[in-house]
Each structure stands twice: as C-alpha cells, then as structure tokens.
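Engineer: coords please:
(chains A and B)
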Number of protein chains: 2
Amino acid sequence: MSLGEFSLIQRYFTDHSRHTGPYPAKLGIGDDAAVMEIPPGMQLVQTIDTLITGRHFPFNTKPGDIAYKSLAVNVSDLIAMAADPAWFVLSLTLPDSDESFLQDFSDGLFAAAETFSIELVGGDTCKGDLSVTIQASGLVPRNHYITRGGARPGDRIFVSGSLGSAATALAALQGRLTLKPQQLKELLLALNRPKPQLAMIPLLRQYASSAIDISDGLVGDLGHILNNSGVGARLEKSTLPVCDYISAMDNYDLALYGGDDYQVVFTVAPSAIGNMVKQTQADALAVTEIGVITDQGYFLQDAGQTIDLSSKRGFDHFGH
Amino acid sequence: MSLGEFSLIQRYFTDHSRHTGPYPAKLGIGDDAAVMEIPPGMQLVQTIDTLITGRHFPFNTKPGDIAYKSLAVNVSDLIAMAADPAWFVLSLTLPDSDESFLQDFSDGLFAAAETFSIELVGGDTCKGDLSVTIQASGLVPRNHYITRGGARPGDRIFVSGSLGSAATALAALQGRLTLKPQQLKELLLALNRPKPQLAMIPLLRQYASSAIDISDGLVGDLGHILNNSGVGARLEKSTLPVCDYISAMDNYDLALYGGDDYQVVFTVAPSAIGNMVKQTQADALAVTEIGVITDQGYFLQDAGQTIDLSSKRGFDHFGH
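Structural biologist: Prediction:
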C-alpha cells in the first residue's frame, strides 16, 4: 500500500502521542525546520549516525529494533560527552511506504525516545535501500562536557555495564557459535535494544577525565582516548565485565573487538576514585575498573602474558 | 585505493582548512559529538535532508555538485525559517572510499560551507549506495522565526530569485526538451549549484507573515503555507519570474511544479509591502510579487483562464 510522503510522516511520526522529554521544542515537526530554546548556561552537543541494513543490523531485524537501536547509538554518543539527550531528527530511507513496517518502526522509535527522554523534532523520508540516519542533540552545563582528550597517566580506566553481549549474539545469529535458547534470547536484547545508561551522565560530569562510547569495540574506542590524550594504557583481562558465555569459553575477543556495546569507557584521576565509587554504589551503577592509563604503549595483561594491542583495531566501516 | 574510515575522515574533512562562519564551534570534528555555544537571545533551528543518487540527482552528477547541493538544500530550509546558518553534520554513505571522489566531494562541500557561512562540526561515514544526509543548524533571535502558518487573506505572495531553471535543466538532461548549449550551461548551474539567498533572512524576519522554501515545486510548497495557515491563494501566471526558455515556450509547468528551485516563497501583509519593496531595492534583492492570499481556494490566473490548483501537487517522494 502506498501513502504519499506527507500523509506518511503525518500518520506515523507527527500524530504519534510522543514523549517530549525535559526540553520541549518550541516548534516541532511540520515546518521547514524545528525551533528549540537552549536554557541559559547550557551548551549544545550534536552527533549523527547512520545505520544501514545488512551492515549495522542483519537483514531480518525487526523494524522496531532497527528504530530503537538507531536512536540508542546516538544517545550513547551524547552520554559519552556527558550531555543530557534533548532532541533528534530522523532521515528514513525506505524501499516503499509499507505500513506494517512503519507502524513497527514508529513503535520502536518512540519506545526508545521515551526510554532516553528525547524528542523527535523533524525528519525526512526518501525512497531507496533501507537506511536510518539520526542526528541527536543534547545539552551540557557550560564546559562540563567530557572529551576523549583528558586522560592522564595514572588515571584508572572504567567501563559501564558489560562487554561483548551484542557481539556474542551476532556471532550466534551468523552461526559462528552456538548458544542455549535462553542465553541467545538475553543476548539478543543487548544486540537489538542496547541500553546506553543515562544514569552515567552526572557521574561522568563529576569524575571523568575522558570518555568515549564503545560502538566499534573496547580496544579500538579506548584507542581513540589514548590517541587524543597522548597516553598509553594497560588493561587487565581478568577484570573485564563479560557475559557468562565469554568467560566460560574464554572467548574475550568478543568483548575486546566486538563492537555494538554502547557502554561508556572513561578514565578517572586516582584522587577522585574513592568518591566516584561511593557514588556508583549509592546510585547502583554497574561500573568496573578494567585498567590504568600509562605514559605510552597499549597492552592487555592476561595472567602471565602481555598482549600488545597497539596494532589491533575495532570495527572500521571501510577498513575490511 | 582503500583508506580506513578514520584516516578518510581525517584527510578529507577534518584537516581541510575550513570556513568556520560567525559561530565557531567550541569542539568540532573528532570526538563523540560536537559542542556549540548558543548566543544569548537566540533560538536553535534544525533541519535534515537526504539526497540519494539517481533520485535527487542524476547518476553522473559530479561529486562536488552533489556535496554542494546537499548543503544548499538544508541552508534553504534555514533561510525559509529566517535563521542564520551556523553548523552542519554530514552522514556520507559511499560504495567505496574512492579518493578522487572524496577530494571532489570535499571541495564542493567546503565551497558551499564558505558560500553559506556554515561550519562542518561532525559526521559519519558508511559503506553502501551513494547517499548524503546533512543536518543543518541555524540561529534566530528569540521568536523571530517565520513559519508556514502565518499567512492572512489580503497578504501578497512573493518569491525570491527565479523559478523553473533547475527543472528545465533536468528535463534537458533527460532528453525531454532541447536547449542551446549556452542556455543549458547556465541552467545546469541552477540545478547543480543552487543558490539559496542568505540576504533574504533579515527581510523575512522583518516583513514576512509566512515563508517556505521551494524544493518540491511552487504549487506544492505554497500549498503547505495555505494548509498550515488555513487560507487560499490566487497566483498570476504572467508575473512568475521564469527563465527565457519557459516564457518563450510557454512551458510554465516547469516553474509551477518543477521543484529544486531552493528559493523562498513568502507572504507580506499589505501594510508592510511599501517598506519591504524599498528594502529589496536598497539591498538589490530579486523579489517578485506573484499573487495574493485569499480566504479559500487555490487558483492560477492565466489571462482570461482560471486554473484550479487545489488538486495539483509538487514532487512527492512516495506519491509517484
């Protein structure tokens, strides 16, 4: 069934009873552009990510999961800057205006918008191979954003949540490993409905010297912190927070290089660690210390072995 | 030749000596997200547009023209809101990381950025069919943006620049009509390097009761003003500013329904017209009166004939 572009946008995106979040737009969907008010003392933070079928998610992924994940990966970038999610715009490219696709997509999108307290303020639809681009905007108190460039030797390295679950699920879907049905079900949630942690935002603002979100794998993404900060790192394999499958099979590559975690890896100066740990306990935040920032070099300590990570990389969209 | 994603972004987008515009970003490309300062008293205006090969531009369009146009169409939306262009983010999907493509694309992109005084602050690259998504942000003094909803009966309808040149060029490229070489060359500029008029911004803020940019054709886009304002309109064909080909061949459909003009159509209350016209003369702005807002109905006056436009539409990405 075919709908015109305008009625399509109207039906699935504008009319939807939507979550407006803490910063309601002055003028939302339906004009040439949206208009938003920036509260005094706040800076604007912007990111953009495109997800393409067959590349960022398997071809048979449910539309609602595609939508949910597309928004989650952008929110993950905002969290890594310590910015509150505020607004997003969507560009959706579709082979045709399939109404059951759009209904499921719209449901997943607004479920994510509600989870992450972020408001849809505009968009564009095109005809073509399925592709979803979301640009998300956040707000941070003036100069309290966290970059990749502030890590100093001696800082400890922390990560939120756990690593490798999405990569393990993807490998199972691709037949590269076998999981028990209950295990697969749990890990698929991590792949299809990633949960970047909004609760990390105040913690990062207060304690982090640097931060990045893990989208392309821990080793690659932490590598960006090392490059931007001009430092090295030593990770301790035994401390990595991983799912049961990874520890049982000793398949830590899924956690080190797997990607799609949408957790945040960040560094904290030694003097701030005590208070930070108390805060994580008070807020019941899952945060794990996994290593230390050094002057140079990039290594993984694995019992007696030292593995050089400096030539290893995470996922690179054009690199392989 | 293949470059990794990170070095690709570095080489063609980050390192480029770029125009920063009037609102330099606090933190630009190279982190999880960009950080920008909003000057006091200004509101944020956001738009997003995707251009897809074979759909929004012919397959053999030069990469620099694709880049230029992708940015211009977004700037056109900002102008129609009476917002100053400030920043943009780019999501570029490419079949491979072809360096000559990227060089030409980057040149066209930064030429447009300089022309429109807008700064690239972030981006994403993916592998896939060629597609360019740009999200642009602008700034407008608090509540001085212009919507589609403010036209009132008696307001006069104006348009910037001229209509139908891009559609005429596209029709020539597709063999649907024949142009003299010099004529084709001139009109191709309108198709490939559209020039939304920054100089219109202060004029719109001061005088417009409503505005929209013409991307999908005059009749369709003015139709959005009529719908959002709850009014009608009567256009006068003889007043439409068109290229010589259209007037000589009496092929006004190209100007009425053609799309890709990236001019702004706007309405002005009768009491403000005198001052507005003086201002356009002082600023040497090409602005033409083309009709009047009425209570209801949507008509084109063509000498003795009255043509009903209410069932006619512009370009609809899913409608045909």
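
Engineer: would you check how far apart residue A:251 and chain B are?
Structural biologist: Counting by C-beta to the nearest C-beta, to the nearest Å, the gap from residue A:251 to chain B is 25 Å. For glycine as for every other residue, the C-beta is placed from the backbone atoms N, C-alpha and C.

Engineer: how about the contacts made by that residue?
Structural biologist: Contacts for residue A:251 (C-beta atoms under 8 Å, 6 or more residues apart in numbering or on different chains) come out as A:168, A:177, A:245.

Engineer: sec struct for it, please.
Structural biologist: coil (DSSP: H, G, I helix; E, B strand; the rest coil).

Engineer: pLDDT value on it, please?
Structural biologist: What the model reports as pLDDT for residue A:251 is 94.

Engineer: re the thing from before, what's the closest of the contacts of residue A:251 to chain B?
Structural biologist: When the contacts of residue A:251 are compared for distance to chain B (C-beta to the nearest C-beta), residue A:168 wins out at 23.7 Å.

Engineer: where does the prediction get shaky in the stretch 201-320 of chain A?
Structural biologist: A:313-320 (pLDDT under 70).

Engineer: before we move on, the earlier item: okay if I get the contacts of residue A:251 as CSV plus distance to residue A:13?
Structural biologist: Shown next, in CSV, are the contacts of residue A:251 (distance: C-beta to C-beta, whole Å):
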residue, distance to residue A:13
A:168, 34
A:177, 38
A:245, 38
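
Engineer: just checking, which of the residues you listed belong to helices?
Structural biologist: A:168, A:245 (DSSP state H).

Engineer: okay if I get the contacts of residue A:251 as JSON lines plus neighbour count and distance to chain B?
Structural biologist: As requested, the contacts of residue A:251 are exported to JSON lines (neighbours: other C-beta atoms under 10 Å in any protein chain shown; distance: C-beta to the nearest C-beta, whole Å):
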{"residue": "A:168", "neighbour count": "30", "distance to chain B": "24"}
{"residue": "A:177", "neighbour count": "15", "distance to chain B": "25"}
{"residue": "A:245", "neighbour count": "23", "distance to chain B": "29"}
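
Engineer: quick one: which of the contacts of residue A:251 is nearest to residue B:162?
Structural biologist: The closest of those to residue B:162 turns out to be residue A:168 (C-beta to C-beta; 59.2 Å).

Engineer: can you check the pLDDT for the closest one?
Structural biologist: For residue A:168, pLDDT reads 96.

Engineer: check the one 10 residues further on too.
Structural biologist: Turning to residue A:178, the model gives it a pLDDT of 94.

Engineer: what sits closest to it if chain neighbours are left out?
Structural biologist: Distances taken as C-beta to C-beta, 6 or more residues apart in numbering or on different chains put residue A:172 closest to residue A:178, at 6.7 Å, once the chain neighbours are dropped.

Engineer: can you name the helix or strand that that neighbour falls in?
Structural biologist: Using DSSP states H and E, residue A:172 sits in helix A:165-173.

Engineer: would you mind identifying the next helix or strand past that helix?
Structural biologist: Following helix A:165-173 toward the C-terminus (DSSP H and E): helix A:181-192.

Engineer: please point out which parts of that next one sit buried.
Structural biologist: A:183-184, A:186-188, A:190-192 (16 or more other C-beta atoms under 10 Å in any protein chain shown).

Engineer: return the member of those residues nearest to residue A:81.
Structural biologist: Distances from residue A:81 to those, taken by C-beta to C-beta, are shortest for residue A:190, at 22.5 Å.

Engineer: so the closest one sits against residue A:166, correct?
Structural biologist: Yes. Applying C-beta atoms under 8 Å, one finds residue A:190 in contact with residue A:166, separated by 4.6 Å.

Engineer: what's the overlap in contacts for the two?
Structural biologist: residue A:261.

Engineer: how's chain A carved up into domains?
Structural biologist: Per the record, chain A has its domains at A:5-141, A:156-308, by automatic domain parsing.

Engineer: if we can go back for a sec, residues touching the residue nearest to residue A:178, list them.
Structural biologist: A:178-179, A:184, A:187.

Engineer: most packed of the domains of chain A?
Structural biologist: When these are scored by mean count of other C-beta atoms under 10 Å in any protein chain shown, the highest mean neighbour count falls to domain A:5-141 (a mean of 21).

Engineer: how about the residues of the stretch 151-300 of chain A by chain B?
Structural biologist: Within the stretch 151-300 of chain A, the positions lying close to chain B (C-beta under 8 Å from any C-beta of the partner chain) are A:211-213, A:228.

Engineer: show the end-to-end separation of stretch A:303-312, please.
Structural biologist: Start-to-end span of stretch A:303-312 (C-alpha to C-alpha, to the nearest Å) is 20 Å.

Engineer: do that stretch and chain B come into contact?
Structural biologist: No. Stretch A:303-312 lies out of reach of chain B by C-beta under 8 Å from any C-beta, never closer than 12.9 Å.

Engineer: thought residue A:14 was touching residue A:30?
Structural biologist: Yes. If you go by C-beta under 8 Å, residue A:14 and residue A:30 touch, sitting 6.0 Å apart.

Engineer: before we move on, back to that, tabulate the residues of the stretch 151-300 of chain A next to chain B (TSV), appending secondary structure and distance to residue A:109.
Structural biologist: Below are these laid out as TSV (DSSP: H, G, I helix; E, B strand; the rest coil; distance: C-beta to C-beta, whole Å):
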residue	secondary structure	distance to residue A:109
A:211	strand	26
A:212	strand	25
A:213	strand	20
A:228	helix	32
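
Engineer: report the two of those separated the most.
Structural biologist: Across those (C-beta to C-beta), the longest gap, 14.0 Å, separates A:213 and A:228.

Engineer: hang on, the earlier thing: can you put the buried residues of helix A:181-192 in TSV and add pLDDT?
Structural biologist: Below are the buried residues of helix A:181-192 laid out as TSV (pLDDT from 0 to 100):
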residue	pLDDT
A:183	93
A:184	93
A:186	93
A:187	94
A:188	94
A:190	93
A:191	93
A:192	93
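
Engineer: just the helices in chain A please.
Structural biologist: Under DSSP H, chain A gives helices at A:5-9, A:63-80, A:99-115, A:165-173, A:181-192, A:200-207, A:218-229, A:244-249, A:253-257, A:270-282.

Engineer: and the closest residue to residue A:78 other than its chain neighbours, bridged to which residues?
Structural biologist: For residue A:78, the nearest residue in space outside its immediate sequence neighbours is residue A:138; the separation is 3.8 Å by C-beta to C-beta, 6+ apart. Taking DSSP bridges, one obtains residue A:45, residue A:85 as the residues bridged to residue A:138.

Engineer: contacts only, for residue A:138.
Structural biologist: For residue A:138, the contacting residues are A:44-46, A:78, A:81, A:83-86, B:33, by C-beta under 8 Å, 6+ apart.

Engineer: do residue A:68 as well
Structural biologist: Shown in contact with residue A:68 (C-beta under 8 Å, 6+ apart): A:108-109, A:111-112, A:192-193.

Engineer: again, only this time at 6 Å
Structural biologist: Residues in contact with residue A:68 (C-beta atoms under 6 Å, 6 or more residues apart in numbering or on different chains) are A:108, A:112, A:193.

Engineer: again, but for residue A:159
Structural biologist: Counting by C-beta under 6 Å, 6+ apart, residue A:159 touches A:263, A:265, A:288, A:290.

Engineer: so the closest residue in space to residue A:57 that isn't next to it in sequence versus residue A:196, what's the distance?
Structural biologist: Computed as C-beta to C-beta, 6+ apart, the closest residue to residue A:57 that is not its neighbour in sequence is residue A:66, at 5.8 Å. As defined by C-beta to C-beta, to the nearest Å, residue A:66 lies at a distance of 17 Å from residue A:196.
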